[in-house]
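>>> Got a sequence here, can you model it:
(one chain, ligands or ions: 1)
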Amino acid sequence: MNSLLHSAPPAFPITHIRASTSPPAHDSLAAASAGKPPRTPSRKLSASTTSKRKPKVQEDDYRSTLEALNSKGRFPRKSLGQHYMLDGSVNDELVAAANVKEGDTVLEIGPGTGSLTNVIVNAGATVLAIEKDPYMAALVRERFAGLGCVEVLEKDFTRFDLCAHMSSILPKETPTDGNSSLAKVVANIPFNISTDVVKQLLPMGDVFSEVVLLLQDEAALRLVGSSLDSSDYRPINIFVNFYSDPEYKIKVSRTSFFPQPKVDAAIVSFKLKQTVDYPRVSSIKSFFSMVNSAFNGKRKMLRKSLQHICSPSDIESALCAADLLPTSRPEELTLEDFVRLHNLLVKI
Ligand SMILES: C[S@@+](CC[C@H](N)C(=O)[O-])C[C@H]1O[C@@H](n2cnc3c(N)ncnc32)[C@H](O)[C@@H]1O
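I've put the predicted structure just below:
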């Protein structure tokens, strides 16, 4: 599932972008153009700053941002998957898919120029944005400075202690107004970290209610649509369905990005399950260890590939007790089948 595109053209053909009608909105663009990230101290989101703020509707200025970057020779970095969204309606779709509303807390991974951040803020949410590129982190921090509802952390998401940070910003108690205290994730992520992102976020149902991502289309179809007996059916499909209810929303053409990647994208939403709704297994760790072992020998029958757990005859008995054929192979088992098999095998 990893990687794909990042073969952006060597030059930055800004002429293919419609000229912005709005002037650069902030001084940061001047700093950006000069190649120096503006130095704005990061502010912590707090109840006092978030409740008092008045959302300020900004014109989306990402085209002018790109022009400013281009004018000083700043190239989107292939290694960071910097393919910026040019189609505002895709940002609207992402935000709508997560049903972002007033008072929500939203995690955005890779805000880039802040075009999606802007739509999330305008929906009334507070945003925690994690951006690896120091230059873009400074740019987006400056863009939303003064609103009090956007915290930008200059971090590599794949190495960030998200649980610790989220527990420091989310309320400890469930709000009495009936609203959920759970946060949401809305992000146009670099395709090359999509597996890491999905693996880190999906088991966080006690922190997030929805995760809405723009993924490479092929990866999205594999994650959400891979069915039994298909060659794409993998442990990640069991993982995704164990922790969430996934939905493929819409396909997004590669022409919506700048620079244009070699592949199309898609919006996928994952409604996260709460711990109490996970399939009942005695140990999640041993469950996924069994699933991984089963797929390690993809063409092998389970009675062979699971031999390190117990004897082939015990495995055959467990398969029969789970209403499965003794000759079953991993690609023939649903999540529920794996759960039944696991719970029988660990008892043996
Ligand atoms: C596909 S661009 C999307 C930018 C912006 N959200 C948009 O829609 O135009 C991906 C963004 O993620 C940032 N990024 C890349 N790797 C990252 C990582 N490991 N952690 C956090 N941000 C990352 C890039 O610098 C870039 O800004």
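>>> OK, contacts around residue 321?
With contact set as C-beta atoms under 8 Å, 6 or more residues apart in numbering, residue 321 has these partners: residue 344. For the C-beta atoms, the positions are set from N, CA and C on the backbone; glycine is no exception.
>>> Relative to the ligand, how far out is it?
45 Å (C-beta to the nearest ligand atom, to the nearest Å).
>>> Could you give the number of residues near the residue of the chain at minimum distance from the ligand?
Residue nearest to the ligand within the chain: residue 110 (2.1 Å; C-beta to the nearest ligand atom). Residues near residue 110, counting by other C-beta atoms under 10 Å, number 23.
>>> And the one 3 residues further on, by the same measure?
Other residues within reach of residue 113 by the criterion other C-beta under 10 Å amount to 25.
>>> just residue 299 next, same as before
Residue 299 has 9 nearby residues by other C-beta under 10 Å.
>>> quick one: secondary structure of it?
The three-state label for residue 299, taken from DSSP: H, G, I helix; E, B strand; the rest coil, comes out as coil.
>>> Name the residue closest to the centre of the protein, please.
Geometric centre of the chain, nearest residue: residue 213, 4.6 Å, by C-alpha atoms, centre = their mean.
>>> Bridge partners for the nearest residue to residue 221 once chain neighbours are set aside, pull those for me.
With C-beta to C-beta, 6 or more residues apart in numbering as the criterion, residue 221 has its nearest non-adjacent residue at 6.8 Å, and that residue is residue 248. Counting by DSSP bridges, residue 248 forms beta bridges with residue 268.
>>> Quick check: residue 248 touching residue 222?
No - using C-beta atoms under 8 Å, residue 248 makes no contact with residue 222, being 10.5 Å away.
>>> residues shared between the contacts of these two?
In contact with both residue 248 and residue 222: no residue, using C-beta under 8 Å, 6+ apart.
>>> okay, the two: which has more neighbours?
Taking other C-beta under 10 Å, residue 248 and residue 222 do not tie; residue 222 has more neighbours (19 against 16).
>>> Look up which helix or strand that one falls in, please.
helix 217-225 (DSSP states H and E).
>>> buried stuff in that helix?
For helix 217-225, the neighbour count (16 or more other C-beta atoms under 10 Å) marks 217-224 as buried.
>>> Then stretch 236-247?
Here stretch 236-247 shows 236-244, 246 as buried, counting by 16+ other C-beta under 10 Å.
>>> would TSV of those residues with distance to the ligand and secondary structure be doable?
Shown next, in TSV, are the buried residues of stretch 236-247 (distance: C-beta to the nearest ligand atom, whole Å; DSSP: H, G, I helix; E, B strand; the rest coil):
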residue	distance to the ligand	secondary structure
236	19	helix
237	24	helix
238	25	helix
239	20	helix
240	21	helix
241	26	helix
242	25	helix
243	21	helix
244	21	strand
246	20	strand
